[in-house]
Each structure stands twice: as structure tokens, then as C-alpha cells.
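Engineer: Pasting the sequence and the predicted coordinates here, then a few questions.
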Amino acid sequence: MPLLAWMGWCVALGLLAAVLAARELRSSPRGVTQLRTFIALATHEAAVAVPVTFWVLARHADWALSYAADGARVPSAALLLAALACGGLALGGFALGAWWIRAHQPRRPGAMALGLLAAGLVGCVLLHHRVGLVGSTVQYRGGFGLAPLAGSRVLGTVAVAGLGYLAAYVHLGWTLRTRL
């Protein structure tokens, strides 16, 4: 979970939530923050996304920061702010998608979301030497003691967090599509 890729994916998930809520966006004259969809997404971000993001950042800060900073020296408050920023980016992505849908450009949010998801994946592939290896920043910079991602605790943490997040987001999407 390199943080920059995750931030882009958060915006993409907000855009996709706007696509799923297109019916409410077109039919309601209320402001975006007053919509039931926005409230549902904000609740999802507060209850699921921000805690999951913070948990991964706190447990595997060096890997999540792509060894750009020593995770032991990054204050936990800064990691919390990064997790909150991810939640805010999702809500911002929803607001942007809502604006495009209301401006009768319904394909833009989906296209932008796919572009952001693809950019994050391409970035992870291009930076596989940072994403695919697990250790501390000191180990990464020194070139010793790194373990492959496949056999590390990071993979288990990210898999559990990712599956939980995905299940919650699928439930949110289903709710947005069928009940709101």
C-alpha cells in the first residue's frame, strides 16, 4: 500500500460512489454534502476507510511510505493526518464526480476513476523494488535484510485490511445503487 497510490485510489473510489449515486444526484437539488449518498460515504470513510488506512500505516509505516521516510521517526499524529487525508480525498472525489454528473458529463467520473486506479497499479509495478520488498528504511537504503512481500507479515495485514475494506465498499456500493 504505497501511500501515494492509495491516495489516488481513494479519489477513484469517491468518483465511483458518485457514479453509483447518479440517480440521487440528478433528482435532488440539495447541495452535495446534504445528500444521503454523501452522508453514507462519509460514514464509510469514518468507520472503515480511515481506521483501516491508519492501521496499515501504523503497523508498516516504512513500507507504506515506500521507504521515503523512516517510519520510526514519523509521528503517529502525522500518520493519522495522512489517513484522514485519504478519507477527505474520497469525499472530494465524490464531490467532483457529483459535479460532473450534474453537469451532464456522466462518463467523466468513471473514466477518471479508471485512470487513477490504472495509474496506481502502474506506479506499483514501476516501483516494484519498493513495493515488493519489506523491511525498514535503513535496510532498504543499505540494501540488506529485505524480504519479499509474498512471504512477509505485510502481505497478511494488507490482505486482511484490503478484503475488509473491499467488502465494506461493495456493501456501500450495493446500498447506494439499490436503496438510496
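Structural biologist: Received it, and whenever you're ready, just let me know what you need. Residues are numbered from 1 along each chain as shown.

Engineer: how about the helices in this protein?
Structural biologist: For the chain, the helices defined by DSSP state H cover 3-20, 22-27, 36-44, 50-59, 61-64, 76-102, 107-126, 128-131, 137-142, 153-178.

Engineer: Can you tell me which of the ones you listed is nearest to Asp70?
Structural biologist: Nearest of those to Asp70, taken as C-beta to C-beta: helix 137-142 at 4.4 Å. Using the backbone N, CA and C atoms, a C-beta is placed for each residue, glycine as well.

Engineer: List the contacts of Leu81.
Structural biologist: Leu81 sits next to no residue when contact means C-beta atoms under 8 Å, 6 or more residues apart in numbering.

Engineer: any idea how far Pro75 is from Trp55?
Structural biologist: Using C-beta to C-beta, to the nearest Å, we find Pro75 at a distance of 16 Å from Trp55.

Engineer: More neighbours: which of those two?
Structural biologist: Neighbours per residue (other C-beta atoms under 10 Å) separate Pro75 from Trp55, with Trp55 holding more: 16 against 8.

Engineer: quick one: the more buried one and Gly162 touch, right?
Structural biologist: No - counting by C-beta atoms under 8 Å, Trp55 stays clear of Gly162, with 11.4 Å between them.

Engineer: list residues touching both of those two?
Structural biologist: By C-beta under 8 Å, 6+ apart, no residue touches both Trp55 and Gly162.
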